[in-house]
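I'd like to go over a predicted model; first the sequence, then the structure.
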Amino acid sequence: MNLHDKVFISFQNNDEARPIIDAIIADNPGAIVSEMPAMIKIDVPKRLVVKRETIEQNIGRAFDLQSIHINLISLSGNIDESEDEFVLAWGKRG
Amino acid sequence: MSVEIKTASIEPVRLTFDHLEARIGKGKAATRYQEAVHDLQVTQNFHYRPTWDPEFDLFDKRRSAIVLGDFDQLLDPRQYYYAPYTIQRARQQEAQDGNFGIVEKRNLFSALSPEWLTNIETLIIPLRHFEWGANTNNCYIAATGYGAPFTSTALMQAMDRLGVAQYLTRLALVLQHQDPQCLDRAKALWLDDPLWQPLRQLVEDAMVTKDWFELHVLQNFLLDGAIYPFAYTQFDQAITTHGGIAYALTTEFMRDWYTESVRWTDSTIRVAANESQENKATIQTWIARWEPRVRAAVTPLAVAAFASQATGVLDSIFTDLAARRVKLGLMV
Amino acid sequence: MADRKLGLKEKYQLMTRGLDWETTYQPMDKVFPFDKYEGIKIKDWSKWEDPFRLTMDAYWKYQSEKERKLYAILDSFSQNNGQLNISDARYMTAIKLWAQGITPLEYYAHRGFCHVGRHFRGAGARVACQMQALDELRHAQTQMHAFSHYNKYFSGLHQAIHMRDRAWYLSIPKSFFEDALTSGPFEFVTSISFAFEYVLTNLLFMPFVSGAAYNGDMATTTFGFSAQSDESRHMTLGLEVVKFVLEQHEDNVPIMQRYIDKWFWRGYRLLALVGTMMDYMLPKKVMSWAEAWGIYWEENGFALFNDLSRYGIRLPKYHEIATKEKLHITHQAWNVFYTACPATGFHAWLPQPYEMDWLSEKYGETFDRFYRPRYELFGEMEKAGKRFYTNRLPFVCQTCQVPDFFTEVDNPMKQAVRHHEWRGMKFNFCSDGCKDIFVNEPEKFCQSYIPPQQIYQGNAGGARTLQEYAAWLHCPMGSDAGDYYSSDDYKNWLKWHGGRDTSPTTAAA
């Protein structure tokens, strides 16, 4: 893995974040998960996507993607946010 | 790790921070509000003068003509720090969101006559920009003012105004079935329609007012004291008698918010005025300078909304404002 | 007529953009007087991409949820005497440093973002800055509330506000933020949102706060992670500002590169304090400073600059020196804290045997060759009843204000000192990085409030000795200052734990 093209996202390690973390692992095949006390960090080469639909499948009900903020700790990369996807990637803005 | 100890052996060593003990006395625990605001702002030993304002220190009492022995007296009677502030606003936004839902689902604006629909579009929606001005001005107060109790509340006031501007945007979109052009039309009125120019000019003059306490009096006491009763009380009463319950529902936040924010505005002006005759005279001079222009700016809106009854409405608004002023000990 | 459905982007655009207007009764340059003098050229503010699309109602909704959770934990923490569950009372030194040195920065950040939230011309940028201003107020306030309970049981917190504007070591963070706030608005956001938050604060909020959790401090863990969730919005703002400015005009590139060079170096110097918290003040260890630097700078930071190279931005000047120094600075800083703790608001100690071994494991030969022997010597002096305290006032760097403990990067036995003459006055620096910053802005940095000089001039209550200086800071020896093992904190800790010293005997649980 090239160390210099990764993007990452990290969440508090709690029950609310679990379906989000599971969705990220399912939707990002190259994901590397590291656990530290009370937190989880996920690194992915180049582009990381969080999909509303996958989270909704995990929890069996509607999910507002903006509510990932509540348990989010940190991230890197440019953000592109819509109702359906939250994407982190390097590259030009927009 | 579990800890087994007798509770009697873990008496606290002290009850609060030294800087709060100096304010509230020994042997007392401070409230979370006191902990959240007092003495947060640095007052001395500054390293560098601002490159954007080298005449002054970074935080400097001399940026206002108001003189106070302790600027931390400018407290918020609502005792808002971040948590109760956001929790209160979250409750209000949930109710407001519900109201918008009902209005949209039941298409409640369909009960309104075209004349009053037009009134909302031409006399209320352009207030989005008035709110943006109020956001700008309160953000200036938060940046430039002295003492965390006052400036922290001013920022909340600024954010509230952004919230109101966004509720007005939402109202416009509901009214026009999500057609964004209604916002362009309202902006064109704000920019060019003679009806709105006295208000826009006043708002722009406020934006270059340097004394932050003067700006507080101008924006939060005078301008709001005229615009809110006009748009959310008088206009609301008139439209409700014409089947405009939807207007009442979609502007509920503004009414509740104004009733609440007046407590802060009045209380801070009272504290400043009561400190000295000089402060009182300064504030009276400001009111005397700006109040006629505020009345002149609201007059065309009132005339357009209330026609022959406009003078009565304006008198009632400015009588109420004068009564508030007298209660604060300010004669003009 | 069927209502059109608006997407998140479009809706946000309508809710925020278009609220502002070109003023005509007052000239725009009078309404926005501060966003041109830095020489940054903005052709089109509408090209600003809002990094997060939060309307105020959504902001209130999510932030209030965070606050409800946070205060529920703080309440239960104090109701259950959670302070007794930390790994060891030595840990409190980290919390004291946080309260004295970091919480005031949250407040500065709040005011700084109010300033740029008022003075940028573009509505999108202003709204993002205003939300950040409110978030930073949140951080200052939640930290006061989290520390309030600790203050009832431990020293070093009750006088934090008094020390904030006076103490020599707190001049490091204070001068950092006052430098940022007194700069132009573009430099301010580049310094705080980009260099400090995007590039550097992950080092504080991720490994250190995770370490707080490991050491049983649920109060700090909770506010720390909760604050960092706001921080991820702020970091994104930082990246957006930099890219937006770089895309607006090619003349902006050298200005932004100078800001990035300056603020990387200033931030890195400030973080020496954080590195010391990680390596020395967490009785149970999570990650060393050197490891954290490797992950968050050498991996994640490089990825960021890799991406910025398309705009003609290179890695910050002297970054390779920072990376070489990662094996030294925390040990050098702790050495000063150990010897100078009588003039501080916290306690210091010698690392215990298990910690010496952990430091050897993490820092290898660097630690064993240069720093272990020093600690062993101090240990022998302690055994002989001659605990070593310094009694000299340090010279501090005119730019970063850190005392003279850094060494030459290729010779850890040689103290690094740089000099510069300006208008007949001689100024001292800790490094080329700090000297460069002064040389670029001598009019600004000649103004620095330098605590040791103030003491000599009688401006520290007339103090002539370190003891008198400590008294002026409201830090008497034993209760607030001095060695941990002769402190009230240690005595109380033993009393509350039935006479038992709870200090871990291994770095891991």
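Happy to help now that I have it.

So A:Ile9: helix, strand or coil?
Recorded secondary structure, A:Ile9: strand (DSSP: H, G, I helix; E, B strand; the rest coil).

Not counting residues beside it along the chain, what's closest to it?
A:Leu75 (4.5 Å; C-beta to C-beta, 6 or more residues apart in numbering or on different chains). Placement of C-beta: from N, CA and C, glycine included.

Also C:Ile40?
Excluding the flanking residues, the one nearest C:Ile40 by C-beta to C-beta, 6+ apart is C:Phe186, at 4.6 Å.

likewise C:Pro173?
Among residues not flanking C:Pro173 along the chain, C:Gly101 sits closest, at 4.6 Å (C-beta to C-beta, 6+ apart).

just B:Thr86 next, same as before
Excluding the flanking residues, the one nearest B:Thr86 by C-beta to C-beta, 6+ apart is C:Ser64, at 4.1 Å.

The one you found: which element?
Using DSSP states H and E, C:Ser64 maps to helix C:56-79.

For that helix, list the C-alpha coordinates in CSV.
What follows is helix C:56-79, C-alpha atoms only, in CSV (Å, rounded to 0.1, in the frame of the first residue of the first chain):
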residue,chain,number,x,y,z
MET,C,56,-28.4,26.0,11.1
ASP,C,57,-31.3,23.7,12.0
ALA,C,58,-29.2,20.6,11.2
TYR,C,59,-26.3,22.2,13.1
TRP,C,60,-28.5,22.7,16.2
LYS,C,61,-29.9,19.2,15.9
TYR,C,62,-26.6,17.3,15.7
GLN,C,63,-24.6,19.5,18.0
SER,C,64,-27.3,19.3,20.7
GLU,C,65,-27.2,15.5,20.5
LYS,C,66,-23.5,15.6,21.0
GLU,C,67,-23.9,17.9,24.0
ARG,C,68,-26.6,15.7,25.6
LYS,C,69,-24.3,12.7,25.4
LEU,C,70,-21.3,14.6,26.7
TYR,C,71,-23.0,16.2,29.7
ALA,C,72,-24.6,12.9,30.7
ILE,C,73,-21.2,11.4,30.9
LEU,C,74,-19.7,14.4,32.7
ASP,C,75,-22.5,14.2,35.3
SER,C,76,-22.1,10.5,35.9
PHE,C,77,-18.3,11.0,36.0
SER,C,78,-18.6,13.4,38.9
GLN,C,79,-21.5,11.6,40.7
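
Who are the packing partners of that helix?
Using 3 or more C-beta pairs under 8 Å, 6 or more residues apart in numbering or on different chains; DSSP states H and E, the elements in contact with helix C:56-79 are helix B:82-105, helix B:148-175, helix C:123-151, helix C:218-248.

Report whether the second one contacts chain C.
Yes: if you take C-beta under 8 Å from any C-beta of the partner chain as the test, helix B:148-175 does meet chain C, through B:148, B:151-152, B:155-156, B:158-160, B:162-163, B:165-167, B:169-170, B:173.

what's near enough to touch C:Glu355?
C:Tyr280, C:Pro283, C:Lys285, C:Ala507 (C-beta atoms under 8 Å, 6 or more residues apart in numbering or on different chains).

nearest to chain B, of those?
Relative to chain B, the closest of the contacts of C:Glu355 is C:Pro283; by C-beta to the nearest C-beta it sits at 11.8 Å.

residues near B:Ile87, how many?
Number of residues near B:Ile87 (other C-beta atoms under 10 Å in any protein chain shown) recorded here: 18.

so what's it up against?
Neighbouring residues of B:Ile87 by C-beta under 8 Å, 6+ apart: C:Ser64, C:Glu67, C:Arg68.

how about the strands of the stretch 301-450 of chain C, start to end?
Residue ranges of the strands in the stretch 301-450 of chain C, as given by DSSP state E, counting those that start in this stretch, are C:347-348, C:407-408, C:411-415, C:418-422, C:425-429.

okay, the contacts of B:Ile87 in TSV with pLDDT next?
Below are those laid out as TSV (pLDDT from 0 to 100):
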residue	pLDDT
C:Ser64	97
C:Glu67	96
C:Arg68	96
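
Throw those into a markdown table and include distance to C:Arg233 and neighbour count, thanks.
Below are those laid out as a markdown table (distance: C-beta to C-beta, whole Å; neighbours: other C-beta atoms under 10 Å in any protein chain shown):
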| residue | distance to C:Arg233 | neighbour count |
| --- | --- | --- |
| C:Ser64 | 16 | 22 |
| C:Glu67 | 16 | 22 |
| C:Arg68 | 19 | 14 |
